[in-house]
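S.K.: below are the sequence and a predicted model for it; my questions follow.
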Amino acid sequence: IKSVKQGKVENKMPKDTDLHKCAYKGDKRNVKRLIETERMNPDEPGSNGRTPLQRACSAGKDEVVDYLLNHGADPNKADMSGRTALHYCAISGFKSSAEMLLNHGTEVNATTKSGATALHFASESTQLAFVEMLLSRPGVDRNLKDRDGKTALDFAKESKNKPLIKA
């Protein structure tokens, strides 16, 4: 988001707050303080529209993920590219954080602006255990195609990971 002010272009992109930073570091004590004492919003968008929950998921900080989910964080909130917390877990293979998200109502087939699902990301990054976990969930659609017409299986084939293709 940009605006013009007196001939200058200002960047009004939100920045990460202390809550985002503490969530990413796994600093549950300060996350708790910021939410309970400072009344910070657990869904406050930061850099690239990412929420504290998305930051915690991208780093696999399970205790913080659990705390945020139990204190009002929306697991289906998307960043500027359409990625949800589940997408961030899938990219890095943080299965336990993903299971918490799914148990809190995360949409397993949520798509990014490019049409990718968590299953696409997990297949692309060859996260076999993560792919198997997603495929075991009710309602997962293994046939969804991204904007380029590729399914998760297409990504698995491109990775040449035979166990992943069999999953």
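M.R.: In hand now; what should we look at? Everything numeric here is computed off the predicted structure, so don't read it as measured data.
S.K.: now do the strands in this protein.
M.R.: With strands called from DSSP state E, the chain shows them at 2-5, 8-11.
S.K.: what's the least confident stretch among those strands?
M.R.: Lowest mean pLDDT of these: strand 2-5, a mean of 47.
S.K.: just the mean pLDDT for stretch 113-124, thanks.
M.R.: Mean predicted confidence for stretch 113-124 is 95.
S.K.: cool, stretch 27-37 as well?
M.R.: On average, stretch 27-37 scores 98.
S.K.: same thing with stretch 138-153?
M.R.: Rounded mean pLDDT across stretch 138-153 is 95.
S.K.: and it, what's buried?
M.R.: Residues of stretch 138-153 classed as buried: 140, 144-146, 150-153 (neighbour count, 16 or more other C-beta atoms under 10 Å). No exception for glycine: its C-beta is placed from N, CA and C like everyone else's.
S.K.: neighbouring contacts of it?
M.R.: Contact with stretch 138-153 is made by 108-109, 111, 114-117, 119-120, 122-123, 131, 134-135, 165, as judged by C-beta atoms under 8 Å, 6 or more residues apart in numbering.
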